[in-house]
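Q: Return a 3D structure for these sequence lines:
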Amino acid sequence: MASDIIDVESAGLLTTVQGAPRHGLRHLGVASGGAVDPWAHALANLLVGNEAGSATLEISLAGPTLHFARAARIAICGAGIDARAGGVALPGNRPVDLPAGTRLVLGACRDGARSYLAIAGGLQVPAVLGSASTDLRGGFGGVDGRALRAGDRLAIAAHPGSRARRLQVAPWWIDANPLPYVHPPGEPCTIRLLPGADAVEGLANTTWQVDARSNRQGLRLQGPPLALADGPERISEPVAPGTVQLPPDGCPIVLLADAQTHGGYPCVGHVPRADFPLLAQMRPGARLRFLPCTPAEARQANAEQRQRLHRIALAIDARIRSP
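A: Predicted coordinates:
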């Protein structure tokens with residue numbers, strides 16, 4: 001299929017190509033990776049008619065400036081971001097048709113840490129180990145295994161719905177909240193936690209603050225140092241996105257999409273997948289508290305979120321198909 005080109009004029013703080021995770025390779029030491037916020041990533045793709053796992057641009061804190069040689073349909077989900085095309089402010093959570101020659105300027109993320117830009121037809125990058133996602137530590141996937149740079153050129157598959165001759169913003173949008181409730185502004189974010197075998201006192205009744213050293217591998221937390229009841233010599237054990245580790249400094253780390261496959265720090269809990277979107281959007285300085293839950297409650301939350309995404313996908317498809 002013929003492809004169109006997007007020129008990267010400036011790259012933003014950390015912009016990477018992210019798609020579906022790499023499944024079934026953690027026993028070989030390969031991180032699963034993929035979008036840190038799988039919810040926002042999936043919604044952006046669905047809004048432009050892509051498969052939910054298609055490759056998007058994951059934008060961290062501040063975004064790139066892109067030039068579209070051909071007309072394109074886009075959607076932006078996740079953190080609210082200052083987005084402009086031809087000097088016109090663009091809203092998120094809906095399809096937007098861009099005419100050929102559009103210069104899309106993506107500025108600062110306002111109310112979260114990561115935004116996702118999906119483009120109809122999907123980004124055309126080679127799949128490595130079954131995924132287009134960028135593995136920054138491994139140096140593979142995406143664009144040469146690295147973040148975008150000024151001067152990069154991105155190929156997108158030609159899409160029959162991308163023929164706009166002027167800027168067109170859809171008159172409808174979706175409720176992109178991944179949870180059935182709205183988090184009160186200014187309050188610490190509540191994150192569910194399955195207590196681990198090495199449960200530690202104080203983890204669940206402390207308000208933690210996100211450290212600026214956090215990245216795609218893990219969310220580092222600041223607060224009163226914790227200590228285990230005993231401190232025997234540890235051996236490495238398997239870990240995964242969502243695992244909460246307690247390093248020697250006593251400040252927890254919540255592992256994210258690029259989590260290593262094994263670790264020697266005590267595992268003091270695990271965050272259910274339903275709360276991954278909340279973790280993904282926590283900026284440095286944001287506050288959170290852990291709420292212990294049971295395995296049954298975690299499974300229920302995960303199932304409800306999958307069902308909600310399915311209902312949204314059906315609603316979006318009906319909107320896209322309507323004249």
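
Q: could you dump the helix or strand hosting Gly269 to PDB, C-alpha only?
A: Per DSSP states H and E, Gly269 falls inside strand 267-270. This file holds the C-alpha atoms of strand 267-270, laid out as PDB (Å, rounded to 0.1, in the frame of the first residue of the first chain):
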ATOM      1  CA  CYS A 267       8.000  -7.000  45.900                       C
ATOM      2  CA  VAL A 268       5.500  -5.500  48.300                       C
ATOM      3  CA  GLY A 269       2.500  -5.400  46.100                       C
ATOM      4  CA  HIS A 270       1.000  -5.200  42.600                       C
END
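
Q: Helix, strand or coil: sort out Ala296 for me.
A: Following DSSP: H, G, I helix; E, B strand; the rest coil, the label given to Ala296 is helix.

Q: tally of neighbours for it?
A: 8 (other CB atoms under 10 Å). Quick note: C-beta positions are derived from backbone N, CA and C, even for glycine.

Q: Tell me the pLDDT of it.
A: Listed pLDDT for Ala296 reads 98.

Q: hmm, back to that, following the chain past the strand holding Gly269, name the next helix or strand.
A: That would be, after strand 267-270 and using DSSP H and E, helix 276-280.

Q: and that following helix, what does it pack onto?
A: Contact partners of helix 276-280 among helices and strands, from 3 or more CB pairs under 8 Å, 6 or more residues apart in numbering; DSSP states H and E: helix 38-47, strand 189-195.

Q: which one of the ones you listed is the most hemmed in?
A: helix 38-47 (a mean of 27; mean count of other CB atoms under 10 Å).

Q: I would like the residues contacting it, please.
A: The contact list for helix 38-47 (CB atoms under 8 Å, 6 or more residues apart in numbering) reads 18, 34-35, 51-54, 56, 58, 75-79, 93-95, 114-118, 122, 174, 176, 178, 273, 276-277, 280, 305, 309, 312-313, 316-317.

Q: And Val244, how close does it get to Gly196?
A: 7 Å (CB to CB, to the nearest Å).

Q: Check His41 too.
A: For His41, the distance to Gly196 - CB to CB - is 27 Å.

Q: How about Ala313?
A: Taken as CB to CB, the span from Ala313 to Gly196 is 34 Å.

Q: Also Arg220?
A: For Arg220, the distance to Gly196 - CB to CB - is 18 Å.

Q: same check, this time on Ile235
A: Ile235 is 16 Å from Gly196, by CB to CB.

Q: Among the two, which residue is more densely surrounded?
A: Higher neighbour count among Ile235 and Gly196: Gly196, with 17 against 7, using other CB under 10 Å.

Q: what's the pLDDT at the more buried one?
A: In this model, Gly196 carries a pLDDT of 85.

Q: can you check Ile316 too?
A: pLDDT, Ile316: 94.

Q: again, but for His159
A: Value for His159, per-residue pLDDT: 69.

Q: Does Val8 touch Ala147 like I think?
A: No. Counting by CB atoms under 8 Å, Val8 sits too far from Ala147 to count as a contact (10.5 Å).

Q: tell me the contacts of Phe68?
A: 4, 6, 98, 100-104.

Q: For Gly86, see how far away the residue nearest to it when sequence neighbours are not counted is.
A: Distances taken as CB to CB, 6 or more residues apart in numbering place Thr102 nearest to Phe68, at 4.7 Å, with adjacent residues excluded. Distance of Thr102 to Gly86, computed by CB to CB: 6 Å.

Q: who touches both of these two?
A: Leu167.

Q: With neighbour numbers in mind, choose between those two.
A: Using other CB under 10 Å, the more surrounded residue of Thr102 and Gly86 is Thr102, with 22 against 14.
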